[in-house]
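Asks: structure of the sequence below:
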Amino acid sequence: MKKLISFIAVAGVACSLFAELNLKSLVDAKYYDQLISKGEVTVVHDDEKDAGTVLFPNDATKDIFVKNAIKKDPKGYSYFHECLFYKTKADLKKSGDVSLDEIGKIIRSVSKMQGMTYVDKNGKEKVLYDKAFMIASPDNTAPIADKNTGNADGQVSYSLQNDTKFGVCRYKINYYQTADTFYTMLNNLDDYKSIGVVGIPAQRLNFTVVAFDCGEGVLVYLSADADCKKVPTIKTQVPESMSQRIGAIYNWFIKQF
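Replies: This next block holds a predicted model:
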């Protein structure tokens, strides 16, 4: 019996080490300690035309991200905001029982994004989306049930989300799934406007959400990649708005467990 207990203890330590090593292999050493100590890392590329990702984990799906990066207009204003977050599964759920299938169902539950909130620059909580649902196609905007079950690899869906600041926007959503990674990319099919002025043209903004199952924890990569028009106040509006939206998406995600 003592030998059995010892074996189980050693196996548990080995699994823990494997999860930690897995996380270390995903995250650039430059950012690993900060991620572990603070739970998050943020890098902002403000008007850096040729900026590439420095935070996307060392995973095969990185090729998808690089391939779909928004090409920047030299005459415009570019903004690329990326974050890494790490939570242990025990922090997400008391049982610690968190699977990639559950993560995939949460991320594909667009209708549950309705009522999502963000914190404005004055610290006030506000609703981000007062409408959010999947639609059958860009030309048919009637709500349909969330397509959130089964393996998502290669799934293409569409959504309509009424952003309380920028108005109604349809998105094309591409999903990819591997044994331990769930990748989501939203591309805007409508202009982002503020007071009637186009700030981000259609198809010039990507929101990317990627969850990595690291054994004992979940690593989440979140980014907003935008090619903007050089219009008045864009250099203050976009950084503030994208930061708020990334924070809102992550906070919404962890509250779903």
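
Asks: centre-most residue in this protein?
Replies: Taking C-alpha atoms, centre = their mean as the criterion, Val209 is the residue nearest the geometric centre of the chain, at 2.3 Å.

Asks: tell me the SS of that one?
Replies: Under the three-state scheme (DSSP: H, G, I helix; E, B strand; the rest coil), Val209 adopts strand.

Asks: chain neighbours aside, what residue packs nearest to it?
Replies: Thr184 (4.5 Å; C-beta to C-beta, 6 or more residues apart in numbering). Where C-beta positions appear, they are placed from N, C-alpha and C, glycine not excepted.

Asks: count residues in the vicinity of the one you found, would you?
Replies: Counted by other C-beta atoms under 10 Å, the residues lying close to Thr184 total 22.

Asks: also Tyr171?
Replies: 23.

Asks: quick check: the nearest residue to it once chain neighbours are set aside vs Asp28, distance?
Replies: Once flanking residues are discounted, Tyr171 sits nearest to Leu186: 4.4 Å by C-beta to C-beta, 6+ apart. Leu186 sits 25 Å away from Asp28, going by C-beta to C-beta, to the nearest Å.

Asks: picking that back up, paired strands for the helix or strand harbouring the residue nearest to Val209, with orientation please.
Replies: Assessed by DSSP states H and E, Thr184 sits inside strand 181-188. When sheet partners are counted by DSSP bridges, strand 181-188 sits next to strand 167-177 (antiparallel), strand 205-213 (antiparallel).

Asks: I figured the residue nearest to Tyr171 hits Cys169, correct?
Replies: No: no contact is recorded between Leu186 and Cys169 when judged using C-beta atoms under 8 Å, the distance being 9.4 Å.

Asks: rewinding a little: pull the CA atoms of the strand holding Thr184 into CSV?
Replies: The C-alpha trace of strand 181-188 is given here as CSV (Å, rounded to 0.1, in the frame of the first residue of the first chain):
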residue,chain,number,x,y,z
THR,A,181,-6.0,24.5,-28.5
PHE,A,182,-9.2,26.4,-29.3
TYR,A,183,-8.7,29.2,-31.8
THR,A,184,-11.3,31.9,-32.6
MET,A,185,-11.0,34.9,-35.0
LEU,A,186,-13.6,37.5,-35.5
ASN,A,187,-13.4,39.8,-38.5
ASN,A,188,-15.6,42.9,-38.8
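
Asks: which strands or helices does the helix or strand following it pack on?
Replies: Using DSSP H and E, the helix or strand that follows strand 181-188 towards the C-terminus is strand 192-194. In this structure, strand 192-194 makes packing contacts with strand 167-177, strand 197-200, judged by 3 or more C-beta pairs under 8 Å, 6 or more residues apart in numbering; DSSP states H and E.

Asks: check which residues of stretch 241-251 are buried.
Replies: Across stretch 241-251, burial judged by 16 or more other C-beta atoms under 10 Å covers 241-250.
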